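Colleague: Show me the folded form of this:
(one chain, ligands or ions: 1)
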Amino acid sequence: MASSGSASGSASASSAAPQSTRNFNFLHRLCKLVVVLCFLHISVTLLYYVRSLDIRSAFVRNQQQRNRDDGDPTGSEALYNGTGTPKSWKNCPQTSPLLVGPLRVDFNIPVSLELTAEQNPQVRPGGRYKPANCRALQKVALIIPFRKREPHLKFWLYYLHPILQRQQLDYGIYVINQEGDETFNRAKLLNVGYAEALKDYDYGCFVFSDVDLIPMDDRNVYKCFSQPRHLSVSMDKFGFRLPYNQYFGGVSSMSKEQYLKINGFPNNYWGWGGEDDDIFNRLASKGMSISRPSGEVGKCRMIRHERDERNDPNPQRFNRIAHTRETMNRDGIRSLSYKLVSKETLALYTKITVDIGKP
Ligand code: BGN
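Modeller: This is a model prediction of the structure:
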């Protein structure tokens, strides 16, 4: 029994040995497979990492190129070659580090010129400002066509001065006041603003803004771009959308070069409507396109008001915008005539009162 027991014991031992060898071999192969898989994984990860480095540097190169293209059509950057200027006097960055993004705009909170002056001690007479620690990338004249809208102007100055300073612009504010009670002519007042601002300073960029429009995001920079810019792209009045694709009203900007290319704006749109469409037609006829901020950044609020006196819809506007191409060369900044009534250098803006005649 004992020997049979020992015989059967040695038989089971001999069959156990190959089993463990088989287990060992299996584990060995499994380990090899895991090592190979790990190696493959690391290689693929490395490959993707190297490729993403390539893509990222191409993206940065592209962005830099776009910034150069979009950044400064006014030539003020090109004027600065870095020589003969103290090291501390550097160009301001392409994107101001002072921007905060979305802003609260509330017309129920009353404002005053005194409060605005108090809160903006760096603004010089005439509504002029330039950054203290860097050279602004653009010299911007802000032109506002105006008549009897003092309450709106108060809000505009209250909201815009801090924004423009955070945008690190070298700017001046020009309110072009139409004298008398004749029909209002927005585009002609804008032409006057262009001409009068240039008598003051070597501006390279012009922002044309209605007095009742306030941006809701300071990333909507009030400067010029490689193409004419439409800035008021999502107005509360239109449900924060563009009313139509060619819309160029409200707030827009143009470099001096872009403005001169279209012979400025028409002088013969008396009353409401159509002059902005004429400007759009001028730009299109010279092969320019419209640059715009995103709908989010381009949000703005309009101050609600009744229609102004002597600014009824212009019945001739349909006919006029149908003939922009034929009329634009003889009607524009080159044929502008007006009488300067007064020029006042006030604490927060320059007020220019003009007699622009009548229809
Ligand atoms: C358009 C006006 C624009 C005005 C917008 C937004 C005309 C021209 C004839 C079609 N254009 O209809 O001037 O800015 O509405 O209010 O009236």
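Colleague: List the residue ranges of the stretch 51-200 of the chain that fall below the pLDDT cut-off.
Modeller: Within the stretch 51-200 of the chain, the stretches with pLDDT under 70 are 51-88.
Colleague: hey, where'd the strands end up in it?
Modeller: Counting by DSSP state E, counting those that start in this stretch, the stretch 51-200 of the chain has strands at residues 90-91, 128-129, 134-135, 139-146, 170-178.
Colleague: Now tabulate those strands in JSON lines and tack on distance to the ligand and mean neighbour count.
Modeller: C-betas here are computed from N, CA, C, even on glycine. Shown next, in JSON lines, are those (distance: least, CB to the nearest ligand atom, whole Å; neighbours: other CB atoms under 10 Å):
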{"stretch": "strand 90-91", "distance to the ligand": "36", "mean neighbour count": "14"}
{"stretch": "strand 128-129", "distance to the ligand": "30", "mean neighbour count": "19"}
{"stretch": "strand 134-135", "distance to the ligand": "36", "mean neighbour count": "16"}
{"stretch": "strand 139-146", "distance to the ligand": "13", "mean neighbour count": "25"}
{"stretch": "strand 170-178", "distance to the ligand": "18", "mean neighbour count": "25"}
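Colleague: For those, could you give me JSON lines that also reports distance to residue 250?
Modeller: Formatted as JSON lines, those follow (distance: least, CB to CB, whole Å):
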{"stretch": "strand 90-91", "distance to residue 250": "30"}
{"stretch": "strand 128-129", "distance to residue 250": "23"}
{"stretch": "strand 134-135", "distance to residue 250": "30"}
{"stretch": "strand 139-146", "distance to residue 250": "12"}
{"stretch": "strand 170-178", "distance to residue 250": "16"}
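Colleague: Of all these, which one is nearest residue 213?
Modeller: Nearest to residue 213 among those is strand 139-146 (9.8 Å), distances taken as CB to CB.
Colleague: which strands and helices sit next to that closest one?
Modeller: In this structure, strand 139-146 packs against helix 150-166, strand 170-178, helix 186-200, strand 205-209, with contacts taken as 3 or more CB pairs under 8 Å, 6 or more residues apart in numbering; DSSP states H and E.
Colleague: okay, those, which one's buried deepest?
Modeller: Highest mean neighbour count of the helices and strands packed on strand 139-146: strand 205-209, a mean of 27 (counted as mean count of other CB atoms under 10 Å).
Colleague: Now do that one against strand 170-178, angle only.
Modeller: Orientation note: strand 205-209 sits at an angle of 50 degrees relative to strand 170-178 (axes from the mean of the first three to the mean of the last three CA atoms, to 10 degrees).
Colleague: Can you list the strands that strand 205-209 pairs with?
Modeller: Strand 205-209 has its sheet partners listed here by DSSP bridges as strand 139-146 (parallel), strand 251-255 (antiparallel).
Colleague: can you list the residues of the stretch 51-200 of the chain near the ligand?
Modeller: Contact residues, the stretch 51-200 of the chain versus the ligand (CB under 6 Å from any ligand atom): none.
Colleague: residue in the stretch 51-200 of the chain nearest to the ligand?
Modeller: residue 186 (9.1 Å; CB to the nearest ligand atom).
Colleague: Nearest to residue 311, out of the strands paired with strand 205-209?
Modeller: The closest of the strands paired with strand 205-209 to residue 311 is strand 139-146. By CB to CB, the value is 10.6 Å.
Colleague: my read: residue 350 touches residue 201, true?
Modeller: No - Residue 350 is beyond contact range of residue 201, at 10.5 Å (criterion: CB atoms under 8 Å).
Colleague: Now for the two: what residues contact both?
Modeller: The contact sets of residue 350 and residue 201 overlap at residue 172 (CB atoms under 8 Å, 6 or more residues apart in numbering).
Colleague: neighbour count winner among the two?
Modeller: residue 350 (22 against 14; other CB atoms under 10 Å).
Colleague: leaving aside the residues next to it on the chain, what's closest to that one?
Modeller: If you skip the residues right next to it in sequence, residue 350 has residue 126 as its closest partner in space, 4.3 Å away by CB to CB, 6 or more residues apart in numbering.
Colleague: before we move on, what about residue 99?
Modeller: Here the nearest residue to residue 99 in space, its sequence neighbours aside, is residue 218; by CB to CB, 6+ apart that works out to 5.0 Å.
Colleague: Give me the phi and psi angles of the one you found.
Modeller: phi -80, psi 0 (degrees, to the nearest 10).
Colleague: How many residues are close by it?
Modeller: Neighbours of residue 218 using other CB under 10 Å come to 23.
Colleague: how close does it sit to the ligand?
Modeller: 25 Å (CB to the nearest ligand atom, to the nearest Å).
Colleague: So for that residue, what's the pLDDT?
Modeller: Reported pLDDT at residue 218 in the predicted model: 98.
Colleague: so how far is residue 301 from it?
Modeller: 14 Å (CB to CB, to the nearest Å).
Colleague: what do you get for residue 240?
Modeller: Note on residue 240: its distance to residue 301, by CB to CB, is 10 Å.
Colleague: who's more crowded, the two?
Modeller: For residue 240 versus residue 301, neighbours defined as other CB under 10 Å are more numerous around residue 301 (21 against 16).
Colleague: Make sure the more buried one is actually in contact with residue 105.
Modeller: Yes - here residue 301 reaches residue 105: they are 4.8 Å apart, a contact under CB under 8 Å.
Colleague: Name the residues contacting each of the two.
Modeller: Joint contacts of residue 301 and residue 105 (CB under 8 Å, 6+ apart) are 214, 216.
Colleague: which one of the strands of the stretch 51-200 of the chain lies closest to residue 320?
Modeller: strand 139-146 (17.9 Å).
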